[in-house]
Structure formats: structure tokens, C-alpha cells
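1. give me the fold of what follows.
(2 chains)
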Amino acid sequence: SAVISQKPSRDICQRGTSLTIQCQVDSQVTMMFWYRQQPGQSLTLIATANQGSEATYESGFVIDKFPISRPNLTFSTLTVSNMSPEDSSIYLCSVEYPPGTRDSTDTQYFGPGTRLTVL
Amino acid sequence: GENVEQHPSTLSVQEGDSAVIKCTYSDSASNYFPWYKQELGKRPQLIIDIRSNVGEKKDQRIAVTLNKTAKHFSLHITETQPEDSAVYFCAAPFAGAGSYQLTFGKGTKLSVIP
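-> Have a look, this model is predicted:
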């Protein structure tokens, strides 16, 4: 099965500060995604992290607020900038493996999530 | 983009009974439909998926059916057990920026009563 880790697992931050979340995968992946899941809610895609190019953001999310890096095929970071209490949420990365390397194409596997609380 | 509707939002069943969760999608080009199970405090886990070239797929007590004409797909859990209690999410892909992202339904909280 997929081995995906995230750091930190949880954090409590002060308003106005920034937090960088790391996502590490056990092998090279084609696609990496970042999601937000607010308490009791569904998963909302923030952006697709592209290796070697700028991330692609979904409507309602901007690079200045959620800068993303993807320096190689096994690692990505998401920064939540200038945080407010409304940013309190669980942030999850997910990955899609290259065809033929896992169960099937298109399947996304999720990391364990980072629970962020902003005071 | 894709619009995914999921029903019901909550579902309570007696242990041993069956549970059915339904999703509809809007993009007729969608061709891959996964179901995820998320236990409290845990990550979403893929439990079953189906592609548009088949109408049904089964894995032990779990099955998924797909009706492409009507643009809906359903998750069926038979002989439910307390450990099936969780939130279940359906998803459908949409094309964006050269790759397929997933749009998730709002989730169904399933409670299996012993």
C-alpha cells in the first residue's frame, strides 16, 4: 500500500503567522494534490502540485495565501500564510502513482492529514 | 467543473442489514468513480472504485453500481458490521490543467447499530 507521511500531524498557531506542511511519499508519483477538510465537511481541493512548475489552484484559493512547492517527485509543501481562525482545518495531501505501479491509474491515496488550529 | 451530489447525508442501519449510498454527477465524460471511507480522526481510505466500462464491481461485502445514462453510481454494503460505521465519500473526476482532479460528494455518515 502507499506510504505517505505528513508533518506536522497537528499544530496550534497564532493569528497572522504562517505554517508549512510537508508531504513525503515512499516513491515517485505523477500527481500530488492538497486538500482542505473543515470539521464535519467534505474534502475541498486547494491545488495540484506540479513538479517543476507552478501549482494549479482551484477557485477560491490563491498562491499568496497557500504557496506550494514541489521540488521533486516524492515531496511537496503547502504553506498556510497569514493565518486566521477561519484557516483552522485539516489539510491533507494526496498522490496519484504512475500507471502500472499501483492498483490503478487515477486512484488517489491520502496522507494522514495535518490538523491546524488558529487562535 | 464536476458537480457531485451524495445522499443521504446520514444513515443508520441495524447490524446485518444492508446500506446503500447514492451519488449523481454532472459531467458525462467522467469515467472513474471511487468511494472512500473515513473513520473518525483518520485519513480517507479507498474502498472500491469503478470505471465507466463496467456496470458493477464487487469486493466481498461491498459493491458499486454505475448507471452512465442516468449519471449516478451507488455504494452497497451488505451484512453491515459495527466497524463499517464511518463517513463515506463518493468522488468523480473533472479535467483540469492537463490532469484529472476529483470532486467529492458531501459525505454520508453511516452508523451501524449493534
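2. measure how buried residue B:12 is and give me the count.
-> Residue B:12 sits with 13 neighbouring residues when counted by other Cβ atoms under 10 Å in any protein chain shown. All C-beta atoms are positioned from the backbone trio N, CA, C, and that covers glycine.
3. report all helices and strands that the helix or strand that contains it contacts.
-> Using DSSP states H and E, residue B:12 maps to strand B:10-14. Strand B:10-14 sits against strand B:19-25, strand B:108-113, with contacts defined as 3 or more Cβ pairs under 8 Å, 6 or more residues apart in numbering or on different chains; DSSP states H and E.
4. what mean pLDDT does it have?
-> For strand B:10-14, the mean pLDDT works out to 98.
5. mind listing what's buried in it?
-> By neighbour count on 16 or more other Cβ atoms under 10 Å in any protein chain shown, the buried set for strand B:10-14 is B:11, B:13.
6. sheet partners, orientation included, of that strand?
-> Next to strand B:10-14 in the sheet, as set by DSSP bridges, lie strand B:108-113 (parallel).
7. give me every residue in chain B lying close to chain A.
-> B:32, B:34, B:36, B:42-46, B:49, B:89, B:93, B:96-97, B:99-107 (Cβ under 8 Å from any Cβ of the partner chain).
8. what about the residues you listed, which are in strands?
-> Cross-referencing the residues of chain B next to chain A against strands under DSSP state E gives B:32, B:34, B:36, B:45-46, B:49, B:89, B:93, B:96, B:99-104.
9. thinking again about what came up before, what would the helices and strands packed on strand B:10-14 look like in JSON lines with mean neighbour count?
-> Formatted as JSON lines, those follow (neighbours: other Cβ atoms under 10 Å in any protein chain shown):
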{"stretch": "strand B:19-25", "mean neighbour count": "20"}
{"stretch": "strand B:108-113", "mean neighbour count": "17"}
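10. could I get those as CSV with mean pLDDT?
-> CSV is the format used below for the helices and strands packed on strand B:10-14 (pLDDT from 0 to 100):
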stretch, mean pLDDT
strand B:19-25, 97
strand B:108-113, 98
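11. quick one: name whatever helix or strand follows the helix or strand of chain A with the lowest mean pLDDT.
-> For chain A, counting by mean pLDDT, DSSP states H and E, strand A:56-57 ranks last in confidence among helices and strands (a mean of 92). Downstream of strand A:56-57, the next assigned helix or strand under DSSP H and E is strand A:68-72.
12. in that next one, which residues are buried?
-> A:68, A:70.
13. show me what that strand is packed up against.
-> Strand A:68-72 packs on strand A:44-49, strand A:75-80, going by 3+ Cβ pairs under 8 Å, 6+ apart.
14. switch to 10 Å and redo it
-> Helices and strands touching strand A:68-72, by 3 or more Cβ pairs under 10 Å, 6 or more residues apart in numbering or on different chains; DSSP states H and E, are strand A:19-25, strand A:31-37, strand A:44-49, strand A:75-80.
15. what does it rub up against?
-> A:20-23, A:25, A:28, A:31-32, A:34, A:46-57, A:61, A:75-79, A:93 (Cβ atoms under 10 Å, 6 or more residues apart in numbering or on different chains).
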